[in-house]
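S.K.: got a predicted model here, sequence first, then my questions.
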Amino acid sequence: MKTLPPKVNLDHLKKQAKELLRLYRHGDATAIARFIEFLPAAANRSPDAVIALGLRLHDAQSCIAREYGFASWADLRLYAETHALQGDQAALIRRWLGLAYSGDVVGTFDAGRPRVAAQLLHDHPGLPTADVWVACAAGHVDVIARAVAADSGWIDRPGGPLNLPPLVAVTHSYLGKLPEFAERLRECARFLLDAGANPNDRIGNRYPPASLASPDESAALSALYGAAGVNRDPVLTEMLLTAGADPNDGESLYHSLEEPACTRLLLKHGARVGGTNALYRALDMPDPAALELLLAHGGDPNEPIAAGPVTAWGTPLLRAIAVRRSPRHIAALLAAGADAHARTPAGISAYGLAMQTGLQEVADLLRAAGADDALSIEDAFVAACAHGDLAEAQRIQARHPALPGSLPADRLRLLPDTAAWGSADAVKVMVKLGWPIAARGGDWDATALNHAVFRGDAELTTFLLAHGASWRETHGFGADVLGTLSWASFNEPTGNGVGDWIGCARALVAHGLPAIQRDPADPERLLIDGRRMQFSEAVAQALLPADLTAPDRD
(Lines give C-alpha, C1' and ligand atoms only; values in the text may rest on other atoms or scores of the structure.)
Protein backbone atom coordinates (compact mmCIF):
# COMPACT_ATOMS: atom_id res chain seq x y z
CA MET A 1 0.00 0.00 0.00
CA LYS A 2 1.29 3.45 -0.91
CA THR A 3 1.83 6.09 1.76
CA LEU A 4 0.52 9.62 1.45
CA PRO A 5 3.06 12.42 1.72
CA PRO A 6 3.00 14.56 4.88
CA LYS A 7 1.59 17.50 2.92
CA VAL A 8 -1.05 15.67 0.93
CA ASN A 9 -2.56 17.82 -1.80
CA LEU A 10 -5.91 17.08 -3.41
CA ASP A 11 -4.97 18.74 -6.69
CA HIS A 12 -1.88 16.55 -6.86
CA LEU A 13 -3.99 13.45 -6.23
CA LYS A 14 -6.34 14.50 -9.05
CA LYS A 15 -3.36 14.83 -11.36
CA GLN A 16 -2.23 11.35 -10.37
CA ALA A 17 -5.67 9.99 -11.33
CA LYS A 18 -5.61 11.83 -14.66
CA GLU A 19 -2.15 10.52 -15.45
CA LEU A 20 -3.20 6.97 -14.56
CA LEU A 21 -6.18 7.29 -16.89
CA ARG A 22 -4.01 8.71 -19.68
CA LEU A 23 -1.59 5.78 -19.41
CA TYR A 24 -4.47 3.30 -19.34
CA ARG A 25 -5.97 4.78 -22.49
CA HIS A 26 -2.60 4.36 -24.17
CA GLY A 27 -2.49 0.69 -23.19
CA ASP A 28 0.28 1.04 -20.59
CA ALA A 29 0.76 -2.39 -18.99
CA THR A 30 1.68 -0.99 -15.56
CA ALA A 31 -1.41 1.21 -15.43
CA ILE A 32 -3.63 -1.69 -16.43
CA ALA A 33 -2.02 -3.87 -13.77
CA ARG A 34 -2.75 -1.23 -11.13
CA PHE A 35 -6.43 -1.26 -12.07
CA ILE A 36 -6.51 -5.06 -11.89
CA GLU A 37 -4.92 -5.01 -8.42
CA PHE A 38 -6.91 -2.19 -6.82
CA LEU A 39 -10.16 -1.54 -8.71
CA PRO A 40 -12.91 -4.08 -7.86
CA ALA A 41 -14.51 -3.73 -11.31
CA ALA A 42 -11.24 -4.80 -12.94
CA ALA A 43 -10.22 -7.51 -10.48
CA ASN A 44 -9.36 -10.92 -11.95
CA ARG A 45 -9.80 -9.70 -15.53
CA SER A 46 -7.31 -10.01 -18.35
CA PRO A 47 -5.59 -6.83 -19.59
CA ASP A 48 -7.69 -6.93 -22.77
CA ALA A 49 -10.87 -7.24 -20.73
CA VAL A 50 -9.84 -4.28 -18.58
CA ILE A 51 -9.22 -2.17 -21.68
CA ALA A 52 -12.65 -3.17 -22.97
CA LEU A 53 -14.25 -1.78 -19.80
CA GLY A 54 -13.60 1.76 -21.06
CA LEU A 55 -12.68 3.00 -17.61
CA ARG A 56 -13.20 6.69 -16.85
CA LEU A 57 -11.79 9.27 -14.50
CA HIS A 58 -13.87 8.18 -11.52
CA ASP A 59 -12.42 4.68 -11.93
CA ALA A 60 -8.89 6.08 -11.91
CA GLN A 61 -9.70 8.12 -8.81
CA SER A 62 -11.09 5.04 -7.08
CA CYS A 63 -7.95 3.12 -7.98
CA ILE A 64 -5.71 5.87 -6.59
CA ALA A 65 -7.74 5.99 -3.36
CA ARG A 66 -7.47 2.24 -2.85
CA GLU A 67 -3.73 2.33 -3.50
CA TYR A 68 -3.48 4.67 -0.51
CA GLY A 69 -5.70 2.44 1.65
CA PHE A 70 -8.99 4.33 1.36
CA ALA A 71 -12.29 2.69 0.46
CA SER A 72 -13.23 5.37 -2.06
CA TRP A 73 -12.14 8.59 -3.71
CA ALA A 74 -14.71 10.40 -1.55
CA ASP A 75 -12.92 9.17 1.58
CA LEU A 76 -9.53 10.18 0.23
CA ARG A 77 -10.88 13.59 -0.75
CA LEU A 78 -12.35 14.11 2.73
CA TYR A 79 -9.05 13.11 4.28
CA ALA A 80 -7.06 15.49 2.08
CA GLU A 81 -9.44 18.41 2.65
CA THR A 82 -9.45 17.88 6.42
CA HIS A 83 -5.70 17.32 6.61
CA ALA A 84 -5.20 20.63 4.80
CA LEU A 85 -6.74 22.41 7.81
CA GLN A 86 -3.83 21.48 10.06
CA GLY A 87 -2.77 25.11 10.30
CA ASP A 88 -6.14 26.00 11.85
CA GLN A 89 -6.65 23.62 14.76
CA ALA A 90 -10.19 24.78 15.58
CA ALA A 91 -11.30 24.22 11.99
CA LEU A 92 -9.50 20.86 11.90
CA ILE A 93 -11.25 19.70 15.07
CA ARG A 94 -14.68 20.82 13.83
CA ARG A 95 -14.16 19.04 10.52
CA TRP A 96 -12.87 15.91 12.25
CA LEU A 97 -15.94 15.76 14.50
CA GLY A 98 -18.09 15.98 11.38
CA LEU A 99 -16.47 12.75 10.21
CA ALA A 100 -16.83 11.01 13.57
CA TYR A 101 -20.63 11.38 13.80
CA SER A 102 -23.61 10.92 11.53
CA GLY A 103 -25.91 13.59 10.15
CA ASP A 104 -28.46 13.32 12.96
CA VAL A 105 -25.76 14.58 15.34
CA VAL A 106 -23.90 16.94 13.00
CA GLY A 107 -26.93 18.44 11.25
CA THR A 108 -26.20 17.17 7.73
CA PHE A 109 -27.31 14.38 5.41
CA ASP A 110 -23.94 12.65 5.70
CA ALA A 111 -23.07 9.37 7.36
CA GLY A 112 -20.06 9.18 9.63
CA ARG A 113 -16.70 8.31 8.08
CA PRO A 114 -14.93 6.44 10.88
CA ARG A 115 -12.02 5.14 8.82
CA VAL A 116 -11.21 8.60 7.54
CA ALA A 117 -11.45 9.94 11.08
CA ALA A 118 -9.17 7.14 12.31
CA GLN A 119 -6.55 7.86 9.65
CA LEU A 120 -6.56 11.53 10.58
CA LEU A 121 -6.01 10.61 14.23
CA HIS A 122 -3.05 8.49 13.18
CA ASP A 123 -1.55 11.46 11.37
CA HIS A 124 -2.59 14.03 14.03
CA PRO A 125 -2.10 12.11 17.29
CA GLY A 126 -2.26 15.27 19.37
CA LEU A 127 -5.92 16.01 18.59
CA PRO A 128 -7.45 14.08 21.52
CA THR A 129 -5.26 15.80 24.07
CA ALA A 130 -5.91 19.18 22.47
CA ASP A 131 -9.70 18.85 22.62
CA VAL A 132 -11.80 16.85 25.08
CA TRP A 133 -14.61 16.38 22.54
CA VAL A 134 -12.21 14.65 20.18
CA ALA A 135 -11.15 12.56 23.18
CA CYS A 136 -14.79 11.55 23.75
CA ALA A 137 -15.23 10.47 20.14
CA ALA A 138 -11.85 8.75 19.96
CA GLY A 139 -11.97 6.99 23.33
CA HIS A 140 -9.24 8.71 25.38
CA VAL A 141 -10.34 8.14 28.96
CA ASP A 142 -7.35 9.95 30.49
CA VAL A 143 -8.36 13.23 28.85
CA ILE A 144 -11.97 12.74 29.98
CA ALA A 145 -10.83 12.00 33.54
CA ARG A 146 -8.89 15.24 33.66
CA ALA A 147 -11.95 17.16 32.46
CA VAL A 148 -14.11 15.64 35.20
CA ALA A 149 -11.46 16.30 37.84
CA ALA A 150 -11.26 19.93 36.78
CA ASP A 151 -15.06 20.45 36.70
CA SER A 152 -17.42 17.79 38.04
CA GLY A 153 -20.40 19.54 36.46
CA TRP A 154 -18.95 18.96 33.00
CA ILE A 155 -20.02 15.33 33.12
CA ASP A 156 -23.60 16.04 31.98
CA ARG A 157 -23.15 19.45 30.42
CA PRO A 158 -23.60 19.71 26.62
CA GLY A 159 -20.64 21.37 24.99
CA GLY A 160 -18.10 21.45 22.22
CA PRO A 161 -18.70 22.33 18.57
CA LEU A 162 -21.58 19.82 18.40
CA ASN A 163 -23.13 20.71 21.78
CA LEU A 164 -23.10 17.14 23.10
CA PRO A 165 -23.24 15.76 26.64
CA PRO A 166 -20.05 13.70 27.13
CA LEU A 167 -21.82 10.33 27.37
CA VAL A 168 -23.73 10.99 24.14
CA ALA A 169 -20.46 12.08 22.52
CA VAL A 170 -18.93 8.72 23.46
CA THR A 171 -21.78 6.37 22.52
CA HIS A 172 -22.67 8.05 19.22
CA SER A 173 -19.10 8.10 17.87
CA TYR A 174 -18.90 6.16 14.64
CA LEU A 175 -15.40 5.10 15.63
CA GLY A 176 -17.19 2.56 17.83
CA LYS A 177 -17.78 0.59 14.62
CA LEU A 178 -14.02 -0.04 14.39
CA PRO A 179 -12.70 -2.85 16.61
CA GLU A 180 -9.60 -0.89 17.54
CA PHE A 181 -11.75 1.87 19.08
CA ALA A 182 -14.74 -0.06 20.47
CA GLU A 183 -13.15 -1.11 23.77
CA ARG A 184 -11.66 2.33 24.34
CA LEU A 185 -15.08 3.93 23.94
CA ARG A 186 -16.59 1.38 26.33
CA GLU A 187 -13.93 2.31 28.88
CA CYS A 188 -14.87 5.97 28.50
CA ALA A 189 -18.57 5.24 28.94
CA ARG A 190 -17.82 3.09 32.00
CA PHE A 191 -15.76 5.89 33.54
CA LEU A 192 -18.46 8.49 32.90
CA LEU A 193 -21.21 6.31 34.38
CA ASP A 194 -19.11 5.46 37.43
CA ALA A 195 -18.41 9.18 37.87
CA GLY A 196 -22.16 9.90 37.92
CA ALA A 197 -23.14 10.67 34.32
CA ASN A 198 -26.85 10.41 33.64
CA PRO A 199 -27.39 7.19 31.62
CA ASN A 200 -30.37 8.92 29.98
CA ASP A 201 -28.43 11.87 28.59
CA ARG A 202 -29.78 12.78 25.16
CA ILE A 203 -29.92 15.41 22.43
CA GLY A 204 -32.52 16.54 19.93
CA ASN A 205 -32.24 15.11 16.42
CA ARG A 206 -30.36 17.50 14.11
CA TYR A 207 -31.03 15.69 10.82
CA PRO A 208 -32.38 18.14 8.19
CA PRO A 209 -34.77 19.91 8.10
CA ALA A 210 -33.71 20.18 11.76
CA SER A 211 -30.20 21.48 12.35
CA LEU A 212 -27.43 21.79 14.89
CA ALA A 213 -28.76 25.23 15.79
CA SER A 214 -32.41 24.12 15.86
CA PRO A 215 -32.61 20.43 16.81
CA ASP A 216 -35.88 18.50 16.86
CA GLU A 217 -36.38 17.99 20.59
CA SER A 218 -39.43 15.79 19.96
CA ALA A 219 -37.14 13.18 18.37
CA ALA A 220 -34.60 12.63 21.12
CA LEU A 221 -31.40 10.68 20.48
CA SER A 222 -30.32 9.08 23.74
CA ALA A 223 -26.94 7.76 24.79
CA LEU A 224 -28.54 4.29 24.68
CA TYR A 225 -29.59 4.80 21.07
CA GLY A 226 -25.95 5.50 20.22
CA ALA A 227 -24.93 2.19 21.80
CA ALA A 228 -27.78 -0.05 20.59
CA GLY A 229 -28.95 1.65 17.42
CA VAL A 230 -25.89 3.39 15.96
CA ASN A 231 -22.93 1.24 16.92
CA ARG A 232 -25.03 -1.81 17.88
CA ASP A 233 -22.56 -2.72 20.61
CA PRO A 234 -24.05 -5.28 23.06
CA VAL A 235 -21.39 -4.60 25.72
CA LEU A 236 -22.03 -0.86 25.68
CA THR A 237 -25.79 -1.41 25.50
CA GLU A 238 -25.80 -3.66 28.57
CA MET A 239 -23.57 -1.21 30.45
CA LEU A 240 -26.07 1.63 29.93
CA LEU A 241 -29.13 -0.48 30.68
CA THR A 242 -27.56 -1.77 33.91
CA ALA A 243 -26.85 1.84 34.87
CA GLY A 244 -30.53 2.71 34.43
CA ALA A 245 -30.92 3.81 30.81
CA ASP A 246 -34.55 3.78 29.69
CA PRO A 247 -35.03 1.10 27.01
CA ASN A 248 -38.23 2.83 25.89
CA ASP A 249 -36.55 5.88 24.41
CA GLY A 250 -38.45 5.73 21.12
CA GLU A 251 -35.46 4.82 18.95
CA SER A 252 -33.20 2.13 20.41
CA LEU A 253 -35.39 -0.95 19.88
CA TYR A 254 -36.31 -0.02 16.31
CA HIS A 255 -32.69 0.59 15.31
CA SER A 256 -31.19 -2.34 17.22
CA LEU A 257 -32.77 -5.08 15.13
CA GLU A 258 -29.74 -5.65 12.91
CA GLU A 259 -27.87 -6.84 16.02
CA PRO A 260 -30.13 -9.35 17.84
CA ALA A 261 -27.88 -9.33 20.91
CA CYS A 262 -28.73 -5.65 21.45
CA THR A 263 -32.41 -6.31 20.82
CA ARG A 264 -32.47 -9.12 23.38
CA LEU A 265 -30.84 -6.89 25.99
CA LEU A 266 -33.39 -4.13 25.41
CA LEU A 267 -36.28 -6.58 25.69
CA LYS A 268 -34.76 -8.16 28.80
CA HIS A 269 -34.65 -4.73 30.44
CA GLY A 270 -38.27 -3.95 29.64
CA ALA A 271 -38.42 -2.50 26.14
CA ARG A 272 -41.98 -2.51 24.87
CA VAL A 273 -42.59 -3.59 21.28
CA GLY A 274 -45.97 -1.92 20.86
CA GLY A 275 -46.00 1.58 19.43
CA THR A 276 -42.39 1.48 18.20
CA ASN A 277 -42.99 0.27 14.62
CA ALA A 278 -40.25 -2.27 15.37
CA LEU A 279 -42.40 -5.09 13.93
CA TYR A 280 -42.57 -3.25 10.65
CA ARG A 281 -38.82 -2.61 10.73
CA ALA A 282 -38.30 -6.35 11.25
CA LEU A 283 -40.28 -6.95 8.06
CA ASP A 284 -37.62 -5.02 6.13
CA MET A 285 -35.17 -7.80 6.94
CA PRO A 286 -34.87 -10.97 4.85
CA ASP A 287 -33.85 -12.91 7.97
CA PRO A 288 -36.96 -13.54 10.13
CA ALA A 289 -34.98 -13.83 13.40
CA ALA A 290 -35.72 -10.25 14.49
CA LEU A 291 -39.43 -10.66 13.79
CA GLU A 292 -39.56 -13.92 15.72
CA LEU A 293 -37.78 -12.28 18.67
CA LEU A 294 -40.22 -9.38 18.82
CA LEU A 295 -43.25 -11.66 18.56
CA ALA A 296 -41.87 -13.82 21.37
CA HIS A 297 -41.70 -10.72 23.58
CA GLY A 298 -45.24 -9.50 23.14
CA GLY A 299 -45.26 -7.99 19.68
CA ASP A 300 -48.83 -7.80 18.39
CA PRO A 301 -49.06 -9.48 14.97
CA ASN A 302 -52.25 -7.55 14.30
CA GLU A 303 -51.02 -4.12 15.38
CA PRO A 304 -51.61 -1.51 12.67
CA ILE A 305 -48.80 0.95 12.14
CA ALA A 306 -49.39 4.36 13.67
CA ALA A 307 -48.58 6.45 10.60
CA GLY A 308 -46.75 6.44 7.30
CA PRO A 309 -47.06 5.06 3.76
CA VAL A 310 -47.14 1.42 4.89
CA THR A 311 -50.61 1.99 6.35
CA ALA A 312 -51.76 0.98 2.86
CA TRP A 313 -51.34 -2.62 4.03
CA GLY A 314 -53.05 -2.39 7.40
CA THR A 315 -51.37 -5.13 9.49
CA PRO A 316 -47.93 -6.71 9.79
CA LEU A 317 -49.14 -9.85 7.99
CA LEU A 318 -50.34 -7.88 4.98
CA ARG A 319 -47.20 -5.77 5.01
CA ALA A 320 -45.05 -8.93 5.11
CA ILE A 321 -46.84 -10.27 2.05
CA ALA A 322 -46.67 -6.95 0.22
CA VAL A 323 -42.88 -6.80 0.56
CA ARG A 324 -42.53 -10.50 -0.32
CA ARG A 325 -41.14 -11.77 2.94
CA SER A 326 -40.37 -15.47 3.31
CA PRO A 327 -42.83 -18.23 4.27
CA ARG A 328 -41.01 -18.38 7.62
CA HIS A 329 -41.95 -14.73 8.28
CA ILE A 330 -45.57 -15.51 7.46
CA ALA A 331 -45.56 -18.69 9.57
CA ALA A 332 -44.18 -16.75 12.56
CA LEU A 333 -46.93 -14.14 12.27
CA LEU A 334 -49.66 -16.75 11.90
CA ALA A 335 -48.32 -18.76 14.84
CA ALA A 336 -48.40 -15.60 16.97
CA GLY A 337 -52.06 -15.04 16.11
CA ALA A 338 -52.06 -12.91 12.97
CA ASP A 339 -55.51 -12.80 11.36
CA ALA A 340 -55.27 -14.92 8.22
CA HIS A 341 -58.50 -13.29 6.97
CA ALA A 342 -57.13 -9.73 7.24
CA ARG A 343 -57.79 -7.36 4.38
CA THR A 344 -56.04 -4.21 3.26
CA PRO A 345 -57.91 -0.89 3.56
CA ALA A 346 -58.69 -1.34 -0.14
CA GLY A 347 -60.31 -4.72 0.56
CA ILE A 348 -57.62 -7.11 -0.74
CA SER A 349 -57.47 -10.29 1.34
CA ALA A 350 -54.20 -11.71 2.64
CA TYR A 351 -54.66 -14.72 0.35
CA GLY A 352 -55.43 -12.54 -2.66
CA LEU A 353 -52.43 -10.34 -1.91
CA ALA A 354 -50.16 -13.38 -1.73
CA MET A 355 -51.38 -14.53 -5.13
CA GLN A 356 -51.02 -11.01 -6.56
CA THR A 357 -47.45 -10.81 -5.36
CA GLY A 358 -46.54 -14.21 -6.75
CA LEU A 359 -46.05 -15.96 -3.39
CA GLN A 360 -47.62 -19.36 -3.93
CA GLU A 361 -46.02 -20.96 -0.86
CA VAL A 362 -47.31 -18.13 1.30
CA ALA A 363 -50.76 -18.53 -0.24
CA ASP A 364 -50.60 -22.20 0.71
CA LEU A 365 -49.79 -21.29 4.32
CA LEU A 366 -52.74 -18.91 4.42
CA ARG A 367 -55.03 -21.55 2.92
CA ALA A 368 -53.91 -23.96 5.65
CA ALA A 369 -54.82 -21.28 8.19
CA GLY A 370 -58.33 -21.07 6.76
CA ALA A 371 -57.99 -18.31 4.18
CA ASP A 372 -58.87 -19.46 0.66
CA ASP A 373 -60.60 -16.75 -1.35
CA ALA A 374 -61.58 -17.31 -4.94
CA LEU A 375 -59.72 -14.96 -7.26
CA SER A 376 -61.62 -12.67 -9.58
CA ILE A 377 -60.58 -12.32 -13.22
CA GLU A 378 -58.80 -9.08 -12.30
CA ASP A 379 -56.99 -10.73 -9.41
CA ALA A 380 -55.97 -13.66 -11.59
CA PHE A 381 -54.55 -11.25 -14.16
CA VAL A 382 -52.61 -9.39 -11.47
CA ALA A 383 -51.34 -12.68 -10.05
CA ALA A 384 -50.08 -13.79 -13.47
CA CYS A 385 -48.26 -10.49 -13.87
CA ALA A 386 -46.72 -10.78 -10.42
CA HIS A 387 -45.45 -14.24 -11.31
CA GLY A 388 -43.94 -12.83 -14.50
CA ASP A 389 -46.18 -15.25 -16.44
CA LEU A 390 -46.58 -13.31 -19.68
CA ALA A 391 -48.41 -16.10 -21.51
CA GLU A 392 -51.10 -16.48 -18.81
CA ALA A 393 -51.49 -12.72 -18.43
CA GLN A 394 -51.88 -12.34 -22.21
CA ARG A 395 -54.45 -15.16 -22.25
CA ILE A 396 -56.58 -13.35 -19.66
CA GLN A 397 -56.04 -9.99 -21.35
CA ALA A 398 -57.21 -11.40 -24.69
CA ARG A 399 -60.59 -12.17 -23.12
CA HIS A 400 -60.67 -8.97 -21.10
CA PRO A 401 -58.97 -6.31 -23.23
CA ALA A 402 -59.80 -3.51 -20.78
CA LEU A 403 -57.09 -4.89 -18.49
CA PRO A 404 -54.95 -3.48 -16.96
CA GLY A 405 -56.51 -0.04 -17.48
CA SER A 406 -59.72 -1.05 -15.72
CA LEU A 407 -57.90 -2.04 -12.54
CA PRO A 408 -58.34 0.20 -9.47
CA ALA A 409 -55.39 2.15 -8.12
CA ASP A 410 -54.70 -0.36 -5.35
CA ARG A 411 -54.00 -2.99 -8.06
CA LEU A 412 -52.09 -0.67 -10.40
CA ARG A 413 -49.61 0.10 -7.64
CA LEU A 414 -48.30 -3.44 -8.05
CA LEU A 415 -46.00 -2.13 -10.81
CA PRO A 416 -43.98 0.19 -8.50
CA ASP A 417 -44.33 -2.29 -5.64
CA THR A 418 -42.76 -4.96 -7.79
CA ALA A 419 -39.95 -2.61 -8.80
CA ALA A 420 -39.39 -1.84 -5.10
CA TRP A 421 -38.83 -5.47 -4.21
CA GLY A 422 -36.55 -6.01 -7.20
CA SER A 423 -38.60 -8.33 -9.44
CA ALA A 424 -37.43 -6.81 -12.71
CA ASP A 425 -38.86 -9.59 -14.89
CA ALA A 426 -42.35 -9.05 -13.50
CA VAL A 427 -42.01 -5.29 -14.00
CA LYS A 428 -41.12 -5.86 -17.66
CA VAL A 429 -44.14 -8.12 -18.13
CA MET A 430 -46.46 -5.49 -16.67
CA VAL A 431 -45.03 -2.70 -18.77
CA LYS A 432 -45.37 -4.80 -21.93
CA LEU A 433 -49.01 -5.46 -21.02
CA GLY A 434 -49.75 -1.74 -20.72
CA TRP A 435 -49.64 -0.97 -17.01
CA PRO A 436 -49.46 2.80 -16.41
CA ILE A 437 -45.74 3.38 -16.07
CA ALA A 438 -46.18 6.45 -13.84
CA ALA A 439 -48.24 4.59 -11.19
CA ARG A 440 -46.95 5.23 -7.68
CA GLY A 441 -46.47 2.79 -4.81
CA GLY A 442 -43.97 1.22 -2.47
CA ASP A 443 -43.29 2.52 1.02
CA TRP A 444 -42.46 6.01 -0.21
CA ASP A 445 -45.15 6.43 -2.86
CA ALA A 446 -42.78 6.39 -5.82
CA THR A 447 -42.87 5.31 -9.46
CA ALA A 448 -41.20 2.18 -10.79
CA LEU A 449 -38.41 4.35 -12.25
CA ASN A 450 -37.75 5.93 -8.87
CA HIS A 451 -37.59 2.51 -7.25
CA ALA A 452 -35.27 1.15 -9.95
CA VAL A 453 -32.89 4.10 -9.53
CA PHE A 454 -33.07 3.81 -5.74
CA ARG A 455 -31.98 0.18 -6.00
CA GLY A 456 -29.27 1.00 -8.52
CA ASP A 457 -30.82 -1.30 -11.13
CA ALA A 458 -29.34 0.19 -14.29
CA GLU A 459 -30.88 -2.41 -16.61
CA LEU A 460 -34.41 -1.85 -15.33
CA THR A 461 -33.84 1.91 -15.34
CA THR A 462 -32.88 1.72 -19.01
CA PHE A 463 -35.89 -0.46 -19.81
CA LEU A 464 -38.36 1.87 -18.09
CA LEU A 465 -36.91 4.97 -19.75
CA ALA A 466 -37.08 3.26 -23.14
CA HIS A 467 -40.77 2.56 -22.50
CA GLY A 468 -41.71 6.13 -21.67
CA ALA A 469 -40.87 6.64 -17.99
CA SER A 470 -39.89 10.22 -17.19
CA TRP A 471 -37.10 11.37 -14.89
CA ARG A 472 -39.45 14.15 -13.75
CA GLU A 473 -41.69 11.61 -12.00
CA THR A 474 -41.88 12.50 -8.32
CA HIS A 475 -42.28 10.45 -5.16
CA GLY A 476 -43.87 10.88 -1.74
CA PHE A 477 -41.01 12.99 -0.39
CA GLY A 478 -41.49 15.51 -3.19
CA ALA A 479 -38.30 14.97 -5.20
CA ASP A 480 -37.98 13.57 -8.72
CA VAL A 481 -35.80 10.77 -10.07
CA LEU A 482 -32.67 12.95 -9.93
CA GLY A 483 -33.36 13.53 -6.24
CA THR A 484 -33.62 9.77 -5.81
CA LEU A 485 -30.31 9.30 -7.64
CA SER A 486 -28.65 11.98 -5.51
CA TRP A 487 -29.67 10.35 -2.24
CA ALA A 488 -28.90 6.80 -3.38
CA SER A 489 -25.49 7.73 -4.82
CA PHE A 490 -24.35 8.82 -1.35
CA ASN A 491 -26.17 6.30 0.82
CA GLU A 492 -26.05 3.22 -1.46
CA PRO A 493 -29.16 1.72 0.19
CA THR A 494 -28.80 -1.78 -1.27
CA GLY A 495 -25.35 -2.18 0.30
CA ASN A 496 -22.61 -4.66 -0.49
CA GLY A 497 -21.71 -2.92 -3.74
CA VAL A 498 -24.83 -4.32 -5.42
CA GLY A 499 -26.27 -1.11 -6.89
CA ASP A 500 -25.05 0.44 -10.14
CA TRP A 501 -25.91 4.11 -9.69
CA ILE A 502 -23.33 5.10 -12.27
CA GLY A 503 -25.18 2.96 -14.80
CA CYS A 504 -28.47 4.57 -13.76
CA ALA A 505 -26.94 8.02 -14.30
CA ARG A 506 -25.73 7.04 -17.76
CA ALA A 507 -29.17 5.68 -18.64
CA LEU A 508 -30.80 8.95 -17.58
CA VAL A 509 -28.33 10.97 -19.65
CA ALA A 510 -28.98 8.74 -22.67
CA HIS A 511 -32.72 9.35 -22.40
CA GLY A 512 -32.82 13.10 -22.46
CA LEU A 513 -31.68 14.91 -19.34
CA PRO A 514 -31.24 18.66 -19.89
CA ALA A 515 -27.75 20.16 -20.14
CA ILE A 516 -25.65 19.62 -17.02
CA GLN A 517 -22.62 21.54 -15.81
CA ARG A 518 -20.55 22.09 -12.70
CA ASP A 519 -21.83 24.86 -10.46
CA PRO A 520 -19.22 27.66 -10.77
CA ALA A 521 -19.99 28.71 -7.19
CA ASP A 522 -19.57 25.20 -5.78
CA PRO A 523 -17.67 22.56 -7.80
CA GLU A 524 -19.11 19.83 -5.58
CA ARG A 525 -22.56 20.49 -7.06
CA LEU A 526 -24.10 20.28 -10.52
CA LEU A 527 -26.51 22.66 -12.22
CA ILE A 528 -29.40 20.71 -13.74
CA ASP A 529 -32.58 22.24 -15.05
CA GLY A 530 -32.03 25.36 -12.95
CA ARG A 531 -31.32 23.39 -9.78
CA ARG A 532 -28.14 22.93 -7.76
CA MET A 533 -27.77 19.26 -6.93
CA GLN A 534 -25.10 17.08 -5.39
CA PHE A 535 -24.19 13.49 -6.24
CA SER A 536 -21.35 11.17 -5.37
CA GLU A 537 -18.32 12.11 -7.45
CA ALA A 538 -18.55 8.99 -9.60
CA VAL A 539 -22.22 9.60 -10.39
CA ALA A 540 -21.59 13.30 -10.99
CA GLN A 541 -18.97 12.43 -13.60
CA ALA A 542 -21.37 10.01 -15.27
CA LEU A 543 -23.94 12.81 -15.53
CA LEU A 544 -21.54 15.39 -16.95
CA PRO A 545 -20.79 15.63 -20.67
CA ALA A 546 -17.64 13.74 -21.70
CA ASP A 547 -15.70 16.93 -22.40
CA LEU A 548 -16.12 17.97 -18.76
CA THR A 549 -14.74 14.68 -17.44
CA ALA A 550 -11.81 14.28 -19.82
CA PRO A 551 -8.40 13.76 -18.16
CA ASP A 552 -7.27 17.35 -18.59
CA ARG A 553 -10.46 19.05 -17.47
CA ASP A 554 -11.44 17.74 -14.01
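M.R.: That came in fine, so what should we check first? Not measured: the values here are computed from a predicted model. Residues are numbered from 1 along each chain as shown.
S.K.: strands along the stretch 301-450 of the chain, start to end?
M.R.: Under the criterion DSSP state E, counting those that start in this stretch, the stretch 301-450 of the chain contains strands at 440-441, 446-447.
S.K.: check the chain too.
M.R.: Using DSSP state E, the strands of the chain run over residues 202-205, 216-222, 440-441, 446-447, 516-519, 522-528, 531-534.
S.K.: and the contacts of the last one?
M.R.: Outside strand 531-534, the residues that touch it by C-beta atoms under 8 Å, 6 or more residues apart in numbering are 482, 483, 486, 519, 522, 524, 525, 526, 527, 540. Backbone N, C-alpha and C define where each C-beta goes, glycine included.
S.K.: which residues are in contact with the third one?
M.R.: Think residue 486. Residues touching residue 486, when contacts are defined by C-beta under 8 Å, 6+ apart, comprise 479, 533, 534, 535.
S.K.: may I ask which of those residues has the most neighbours?
M.R.: For the contacts of residue 486, counting by other C-beta atoms under 10 Å, the largest number of neighbours falls to residue 535: 25 neighbours.
S.K.: report pLDDT for it.
M.R.: On pLDDT, residue 535 comes in at 89.
S.K.: go on, residue 494?
M.R.: Taken from the predicted model, the pLDDT recorded for residue 494 is 67.
S.K.: could you report the pLDDT at residue 552?
M.R.: According to the prediction, residue 552 has pLDDT 38.
S.K.: rewinding a little: right, so of the strands of the stretch 301-450 of the chain, which gets closest to residue 232?
M.R.: Evaluated with C-beta to C-beta, the strands of the stretch 301-450 of the chain place strand 446-447 nearest to residue 232, the distance being 28.5 Å.
S.K.: nearest to residue 231 among the contacts of residue 486?
M.R.: Closest approach between the contacts of residue 486 and residue 231, by C-beta to C-beta: residue 534, at 27.2 Å.
S.K.: distance of the closest one from residue 108?
M.R.: As for residue 534, its distance to residue 108 is 11 Å (criterion: C-beta to C-beta, to the nearest Å).
S.K.: ok, now residue 475?
M.R.: Following C-beta to C-beta, the distance that separates residue 475 from residue 108 is 22 Å.
S.K.: also residue 448?
M.R.: Taking C-beta to C-beta as the criterion, residue 448 is separated from residue 108 by 30 Å.
S.K.: what of residue 472?
M.R.: Separation of residue 472 from residue 108 (C-beta to C-beta): 27 Å.
S.K.: could you do residue 19 as well?
M.R.: 33 Å.
S.K.: same check on residue 70?
M.R.: Between residue 70 and residue 108 the distance, using C-beta to C-beta, works out to 20 Å.
S.K.: the two: which is more packed in?
M.R.: In terms of neighbours (other C-beta under 10 Å), residue 70 is the more surrounded of residue 70 and residue 108; the figures are 23 against 16.
S.K.: that one reaches residue 80, doesn't it?
M.R.: No - taking contact to mean C-beta atoms under 8 Å, the distance of 9.8 Å between residue 70 and residue 80 leaves them out of contact.
S.K.: what segments of the stretch 251-400 of the chain are helices?
M.R.: Counting by DSSP state H, counting those that start in this stretch, the segments of the stretch 251-400 of the chain that form helices are 252-256, 260-268, 278-282, 289-296, 316-322, 327-335, 350-356, 360-368, 377-386, 390-399.
S.K.: same question for the last one: list its buried residues.
M.R.: Right, helix 390-399. Going by neighbour count (16 or more other C-beta atoms under 10 Å), the buried part of helix 390-399 is 390, 392, 393, 396, 397.
S.K.: quick check: the first one touching residue 431?
M.R.: No - with contact defined as C-beta under 8 Å, residue 390 does not count as touching residue 431 (11.0 Å).
S.K.: where does pLDDT dip in the stretch 201-350 of the chain?
M.R.: The stretch 201-350 of the chain contains residues with pLDDT under 70 at 305-312.
S.K.: next: the chain.
M.R.: Low-confidence segments of the chain, defined by pLDDT under 70, are located at 1, 305-312, 494-497, 546-554.
S.K.: my read: residue 56 touches residue 541, true?
M.R.: Yes - taking C-beta under 8 Å as the definition, residue 56 is a contact partner of residue 541 at 6.5 Å.
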